[in-house]
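>>> The amino acid sequence is not available; the structure is as follows:
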């Protein structure tokens with residue numbers, strides 16, 4: 001009877017030992033993979049187009065869009081990358097383990113042109129405003145302050161141009 005039990009008991013012990021060894025190797029492997037991901041993480045504040053293309057699901061166009069967003073608005077947290085056109089929750093979940101922010105920079109960028117104080121050159125930097133329209137604006141505001149988009153219509157600025165300027169001017 002002892003011999004009959006010896007083989008099954010030894011088999012169970014061997015299976016348990018193999019399971020423990022396999023588990024340890026698997027955990028060590030995961031740690032190594034995890035460490036290599038951490039070493040290879042990309043800083044969103046300094047990453048180049050080439051580095052961003054290395055992320056899962058990011059091609060050249062999305063990489064450039066990320067850089068444009070970084071230059072225009074900046075990143076306060078890695079989740080801000082979902083504000084970039086073409087990057088949704090699915091893409092974010094695929095790349096979140098590969099990105100980080102080395103520091104958080106809050107920068108207020110105010111590129112709006114004050115229509116009542118801008119020089120002719122500044123007015124001409126607005127979409128659809130050339131030398132003639134800039135001069136009309138300057139002449140009108142010498143008489144009366146420009147308070148709304150309707151005032152720009154009165155000056156003779158086309159509605160299509162006014163639409164392009166929305167969000168880029170203040171009164």
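In hand now; what should we look at? These numbers come from a predicted model, not from an experiment.

>>> Name the secondary structure element that contains the closest residue to residue 120 other than its chain neighbours.
Closest residue to residue 120 apart from its sequence neighbours, by CB to CB, 6 or more residues apart in numbering: residue 134 at 4.6 Å. All C-beta atoms are positioned from the backbone trio N, CA, C, and that covers glycine. Using DSSP states H and E, residue 134 sits in helix 131-143.

>>> Past that helix, which element shows up next along the chain?
Following helix 131-143 in sequence, per DSSP H and E, is helix 149-155.

>>> So what touches that following helix?
Contacting residues not belonging to helix 149-155 are listed as 115, 133, 136-137, 140, 144, 146, 159, 162, 165-166 [CB atoms under 8 Å, 6 or more residues apart in numbering].

>>> Please name every helix or strand in contact with the helix holding residue 134.
helix 120-124, helix 149-155 (3 or more CB pairs under 8 Å, 6 or more residues apart in numbering; DSSP states H and E).

>>> want to try TSV for these, with mean neighbour count and distance to residue 9 as columns?
Converted to TSV, the helices and strands packed on helix 131-143 look like this (neighbours: other CB atoms under 10 Å; distance: least, CB to CB, whole Å):
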stretch	mean neighbour count	distance to residue 9
helix 120-124	14	88
helix 149-155	14	88
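
>>> Roughly how far does the residue nearest to the spatial centre of the chain sit from residue 102?
The centre of the chain sits closest to residue 81, judged by CA atoms, centre = their mean, with a distance of 3.1 Å. Distance of residue 81 to residue 102, computed by CB to CB, to the nearest Å: 15 Å.

>>> Thank you kindly, that will do.
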